[in-house]
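**Q** Just a sequence and a predicted model for now, questions to come.
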Amino acid sequence: MLQVVHAMASGKAISIIPQQQELTTQQAAEYLNGSRPYLIKLLEQGEIPHIKVGSHRRVRFDDLMNYKQQRDLKRNQLLTELTQISQEAGFYE
């Protein structure tokens, strides 16, 4: 709830989605701020679980959130390592 209040105070849009909600590939791509073709590539590589409804792919919101959290965690770890290497090399003085 604290994150919601902080986001609202910052003027950001808020969406409330049930965790079991299934999203279309377009909706999931928009949530990740990426393209639909890139999301489909992630689905086909098994990075994000999905189901098929007829010929259409659907992504559960909680699976998408898990992927996003893991992606953000890896990104932050790599940035920390890069900053640390740069500091050791004397680029930050």
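**A** Noted; the coordinates are in hand.
**Q** Can you list the low-confidence ranges for this structure?
**A** 15-20, 92-93 (pLDDT under 70).
**Q** Strands of that one, start to end?
**A** With DSSP state E as the criterion, the chain has strands at 22-24, 51-53, 56-60.
**Q** For residue 30, find the nearest of those.
**A** Of all these, strand 22-24 sits nearest to residue 30, with 8.9 Å by C-beta to C-beta. Where C-beta positions appear, they are placed from N, C-alpha and C, glycine not excepted.
**Q** What are the contacting residues of that closest one?
**A** 17, 31, 51, 53, 56-61, 64 (C-beta atoms under 8 Å, 6 or more residues apart in numbering).
**Q** same thing but 6 Å
**A** Here strand 22-24 makes contact (C-beta atoms under 6 Å, 6 or more residues apart in numbering) with 58-61.
**Q** Buried ones in it, by neighbour count?
**A** Burial within strand 22-24, assessed by neighbour count using 16 or more other C-beta atoms under 10 Å, is assigned to 22-23.
**Q** could you dump the strands of the chain to TSV with distance to residue 74?
**A** TSV is the format used below for the strands of the chain (distance: least, C-beta to C-beta, whole Å):
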stretch	distance to residue 74
strand 22-24	22
strand 51-53	25
strand 56-60	19
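**Q** Select, out of those strands, the one closest to residue 86.
**A** If we rank the strands of the chain by C-beta to C-beta, the stretch that ends up nearest is strand 56-60, at 36.2 Å.
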